[in-house]
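Asker: Build me a model from this:
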Amino acid sequence: MRYFERSLELRERLYGESHPDIADGLISIGLVHVAAGDPELARPQFEHARAVYEQTLGPDSSRVGHALGCLGDVAMLEGRADDAAT
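Answerer: Coordinates of the predicted model:
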């Protein structure tokens with residue numbers, strides 16, 4: 001995890017807090033949380049990434065879709081299949 005967190009710190013220093021590369025880093029951290037069995041820690045990372053993608057790339061970006069898919073996976077892991085499908 002420390003490598004992903006360090007990478008995110010470097011990206012934030014280089015690009016600021018609203019750049020697609022920041023969202024990419026957040027997705028990576030969220031995926032680590034999912035792999036570690038901690039979907040509740042992944043959700044805020046994916047939500048933040050989605051917001052950054054929407055702000056920087058627009059709501060119809062494929063990267064917004066990717067973040068939404070990650071949120072759907074988290075919902076499934078948390079037993080919230082109805083949320084995942086909407």
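Asker: Please make it C-alpha for all contacts and neighbour counts, starting now.
Answerer: Will do.
Asker: Mind exporting the C-alpha coordinates of the helix or strand bottoming out on mean pLDDT in the chain to CSV?
Answerer: In the chain, the helix or strand scored least confidently by mean pLDDT, DSSP states H and E is helix 81-85, which has a mean of 80. Once non-C-alpha atoms are left out, helix 81-85 reads as follows in CSV (Å, rounded to 0.1, in the frame of the first residue of the first chain):
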residue,chain,number,x,y,z
ALA,A,81,-26.7,-6.2,-4.9
ASP,A,82,-29.6,-3.7,-5.4
ASP,A,83,-27.2,-0.8,-5.1
ALA,A,84,-24.8,-2.4,-7.5
ALA,A,85,-27.4,-2.8,-10.2
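Asker: who touches that helix?
Answerer: Where contact means C-alpha atoms under 8 Å, 6 or more residues apart in numbering, the residues beyond helix 81-85 that reach it are L71, G72, D73, V74, A75, M76.
Asker: How far away from the center of its chain is it?
Answerer: Counting by C-alpha atoms, centre = their mean, to the nearest Å, helix 81-85 is centred 18 Å from the centre of its parent chain.
Asker: Over to stretch 49-57?
Answerer: Here stretch 49-57 is found 10 Å from its chain centre; the criterion is C-alpha atoms, centre = their mean.
Asker: Buried residues in that stretch, which are they?
Answerer: Of all the residues in stretch 49-57, those buried under the rule 16 or more other C-alpha atoms under 10 Å are A49, R50, A51, V52, Y53, E54.
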